[in-house]
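K.L.:
The amino acid sequence is not available; the structure is as follows:
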């Protein structure tokens, strides 16, 4: 696989058209996690898949220009800390992890208390995990020729 | 009853791959098949005949729903199986870099 | 429920093909086929949340596995004592299946689950929490502690991957010390 130059011209053109839609669909599934099926996990992985499609089609130089490596670690820690902050702030409602925001009318976007905020926090964690795994397995590990034991 | 038994047979196929194969990638594939069988068994356990998926819709009368609790447990299990597979493949790549082969009978050095 | 049985037989055939094929790339593709069959089973069993999650996780798993198998050859020799090992494995699996069958006879029949805890969740979600996706409400509101444990497990897996596949190790520092002497 020609890692530095990416894939052919057809794949590059189609990818440029499709990436925005995949990202939008992922954000939709994350934000509507308490109304329709999906939630933080599936939506976060879909957002990560849009970045992976970009990396597979264009090679690793382009993705390293747009997403610096330090930012992925920062996003992962931010996601985990946000989830813990929501849990600890539940002490205001009486006990750990209580649902302390006002619960609105069902079927609206701003309802069900802390559930949409938890979905966003988990989605941040998932995006960085997906990017981490794929980065390290695909890009940064260059095979040195193995020592021959025969 | 037949459905549960077919699920157990799928688990045994994965277990055979872990026990008898000599290639590390085949063992990883066996573990992945075991995980599929277990998640499917959890969902099969909570199915109700003529039930509906556990979601509310506006302006509809809901009579009976499928059990939602095993679905929540299986969702956690599916995501963790991805983390397990990623770690296993990382260790397998390191072994290939050091020994040059994936065959477990030729990997016999404890101290490297 | 004839559809579930047919889908399960299809997944079993794909799994047997995955572990018996000699080419590593073909067996990874067969595991992908088994995963997609599982997505259709989840849809027939009325679990749309799980179908979306399984589909996306399957695609990521395939990308990771294909990267591991793209430049590798397969050993083809079989060592001695092959017959004894296979017979012992088959006897063990047969005993396991017989004991499993006797245990499965005690479960309630397929399609009539025991729903003692879920009755509470089904009543409470629309009245007090005002969420319409019951599976998300169970995961993030009633049993949020398990989701915290899952987030910790994912975090630990990310740290583990970063540690295993790091480029700089202790060897380069030793090389520098040897050069400076």
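P.N.:
Cool, got the structure. If you're wondering where the values come from, they're calculated on a predicted model, not measured in any experiment.

K.L.:
Give me the most central residue, chain A.
P.N.:
Centrality entry for chain A: nearest residue to the mean C-alpha point is residue A:127, 1.6 Å, by C-alpha atoms, centre = their mean.

K.L.:
Revised request: answer the last question for chain B.
P.N.:
residue B:35 (1.4 Å).

K.L.:
and it, how far is that from chain C?
P.N.:
10 Å (C-beta to the nearest C-beta, to the nearest Å). In short, each C-beta sits where N, CA and C put it, glycine included.

K.L.:
Name the helix or strand for the closest residue to that residue other than its chain neighbours, please.
P.N.:
Among residues not flanking residue B:35 along the chain, residue B:81 sits closest, at 4.4 Å (C-beta to C-beta, 6 or more residues apart in numbering or on different chains). Element membership of residue B:81 [criterion: DSSP states H and E] is helix B:69-99.

K.L.:
now for that helix, which elements pack on it?
P.N.:
Packing contacts for helix B:69-99, counted by 3 or more C-beta pairs under 8 Å, 6 or more residues apart in numbering or on different chains; DSSP states H and E, involve helix A:115-138, helix B:24-45, helix C:48-68, helix C:134-137, helix C:144-164.

K.L.:
pretty sure the residue nearest to residue B:35 contacts residue C:57?
P.N.:
Yes - if you go by C-beta atoms under 8 Å, residue B:81 and residue C:57 touch, sitting 7.2 Å apart.

K.L.:
quick revisit: can you pull the contacts of the residue nearest to the centre of chain B?
P.N.:
Listed by C-beta atoms under 8 Å, 6 or more residues apart in numbering or on different chains, the contact partners of residue B:35 are B:77, B:81, B:84.

K.L.:
In terms of pLDDT, where does it sit?
P.N.:
With respect to pLDDT, residue B:35 scores 95.

K.L.:
do residue B:111 as well
P.N.:
60.

K.L.:
does any bit of the helix or strand bottoming out on mean pLDDT in chain A sit next to chain C?
P.N.:
Least confident helix or strand of chain A, by mean pLDDT, DSSP states H and E, is helix A:60-66 with a mean of 77. No - using C-beta under 8 Å from any C-beta of the partner chain, we find that helix A:60-66 stays clear of chain C, coming within 13.1 Å at best.

K.L.:
where in chain C is pLDDT low?
P.N.:
Residue ranges of chain C with pLDDT under 70: C:71-81, C:167-181.

K.L.:
same thing but 80
P.N.:
C:1, C:68, C:70-82, C:124, C:126-129, C:165-181 (pLDDT under 80).

K.L.:
and if you look at chain B?
P.N.:
Using pLDDT under 80, chain B drops low at B:58-63, B:97, B:100-103, B:105-112.

K.L.:
how about the host helix or strand of residue C:121: buried residues?
P.N.:
Element membership for residue C:121 (DSSP H and E) is helix C:118-124. Across helix C:118-124, burial judged by 16 or more other C-beta atoms under 10 Å in any protein chain shown covers C:118, C:121-122.

K.L.:
I'd like those residues laid out as JSON lines, including distance to chain B.
P.N.:
Formatted as JSON lines, the buried residues of helix C:118-124 follow (distance: C-beta to the nearest C-beta, whole Å):
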{"residue": "C:118", "distance to chain B": "5"}
{"residue": "C:121", "distance to chain B": "6"}
{"residue": "C:122", "distance to chain B": "6"}
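
K.L.:
how much space between whatever residue of chain B ends up closest to chain A and residue C:42?
P.N.:
Closest to chain A within chain B is residue B:100: 3.6 Å, counting by C-beta to the nearest C-beta. The gap separating residue B:100 from residue C:42 is 40 Å, by C-beta to C-beta, to the nearest Å.

K.L.:
Neighbour count: those two, which is higher?
P.N.:
More crowded of residue B:100 and residue C:42, by other C-beta atoms under 10 Å in any protein chain shown: residue C:42, with 23 against 16.

K.L.:
quick one, phi psi at that one?
P.N.:
phi -60, psi -30 (degrees, to the nearest 10).

K.L.:
Please apply the same query to residue B:65.
P.N.:
Per degrees, to the nearest 10, the backbone of residue B:65 is at phi -120, psi 160.

K.L.:
so what secondary structure elements neighbour the least confident helix or strand of chain A?
P.N.:
helix A:40-58.

K.L.:
near chain B, anything from the helix it packs on?
P.N.:
Yes - residues of helix A:40-58 contacting chain B under C-beta under 8 Å from any C-beta: residue A:41.

K.L.:
what's the angle between that helix and helix C:144-164?
P.N.:
Here helix A:40-58 points in a direction 30 degrees away from that of helix C:144-164 (axes from the mean of the first three to the mean of the last three C-alpha atoms, to 10 degrees).

K.L.:
Tell me who's in contact with the residue nearest to residue C:139 when sequence neighbours are not counted.
P.N.:
Nearest residue to residue C:139, sequence neighbours excluded (C-beta to C-beta, 6+ apart): residue B:72, at 4.9 Å. For residue B:72, the contacting residues are C:135, C:138-139, C:143, by C-beta under 8 Å, 6+ apart.

K.L.:
Which residue is the nearest non-sequential neighbour of residue B:64?
P.N.:
Using C-beta to C-beta, 6+ apart, the closest residue to residue B:64 is residue B:51 (5.1 Å).
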